[in-house]
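[1] Any chance you can model this:
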Amino acid sequence: MTDTTDDIAEEISFQSFEDDCKLLGSLFNDVLQREVGSSFMEKIERIRILAQSALNLRLAGIEDTANLLEKQLTCEISKMPLEEALILARAFTHSLNLMGIADTHHRMHKLIDVTQLSRSCDDIFTQLLQSGISSEELYKTVCKQEVEIVLTAHPTQINRRTLQYKHVRIAVSLE
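    This next block holds a predicted model:
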C-alpha cells in the first residue's frame with residue numbers, strides 16, 4: 001500500500017514557512033545584536049548550535065555524542081552569571097514565540113490550501129481502491145491503525161492578551 005500523504009505533502013509548499021522563519025529570525029537577531037552586543041550574540045549562537053547539534057545527533061541515534069554535547073551545554077549555561085542566563089532564556093523564548101507565529105500563520109494558509117484536497121476517508125479509500133489496492137489489503141491496513149487522543153492547551157489559553165496582540169500584528173506583517 002502506498003502512502004498518499006507523500007502526494008499531499010508535495011502539494012503543500014513549506015517554502016513560505018521556512019522563508020517566514022528566516023525573516024523573523026533575521027529581524028530578531030538584528031534587534032538582539034543591538035541590544036546585547038556581538039560577544040553575547042556569539043554565546044547565544046554557540047548555545048543554539050550545541051542544543052541543535054545534540055538534538056540532531058539524538059534523532060540520528062548517536063546517543064553518546066548527544067549526551068556529551070548536552071553535558072557541555074549544561075556546563076556552559078551553569079557557568080553563566082544569572083543576568084546572562086536570564087537574557088539567554090528571554091532570547092530563546094522570544095525566538096520560539098516568533099517561530100510559533102510563523103507556524104500558526106503557515107498552518108492557516110495550509111488549511112486554506114488543504115480545503116482543495118480530498119478530506120473524507122471515503123474519498124481516500126475510493127482513490128486507493130481505484131489505484132489497485134485490494135479491499136482486503138485496505139481493510140487489514142486500516143484495522144492496524146492506532147488512534148490516540150492528545151490533549152494540549154490551545155495557544156490562546158497560553159499567551160497573555162498583550163502577546164496575542166503582538167503575535168497578530170507580526171502575522172499580519174507576514175501577509
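[2] where exactly do the helices run in the chain?
    Along the chain, the segments classed as helices by DSSP state H run 5-11, 15-36, 38-59, 63-79, 82-114, 121-130, 135-144, 155-158, 161-174.
[3] These: lowest mean pLDDT?
    Ranked by mean pLDDT, those bottom out at helix 5-11, which scores a mean of 46.
[4] Could you list which residues are in contact with the most centrally placed residue in the chain?
    Nearest to the mean C-alpha position of the chain, by C-alpha atoms, centre = their mean, lies Asp103 at 6.6 Å. Asp103 makes contacts with Phe17, as judged by C-beta atoms under 8 Å, 6 or more residues apart in numbering. No exception for glycine: its C-beta is placed from N, CA and C like everyone else's.
[5] Report the separation between it and Val150.
    Separation of Asp103 from Val150 (C-beta to C-beta, to the nearest Å) stands at 17 Å.
[6] now Val168
    Counting by C-beta to C-beta - Val168 and Val150 are separated by 26 Å.
[7] More neighbours: which of those two?
    Val168 (12 against 4; other C-beta atoms under 10 Å).
[8] His105: how many residues sit nearby?
    21.
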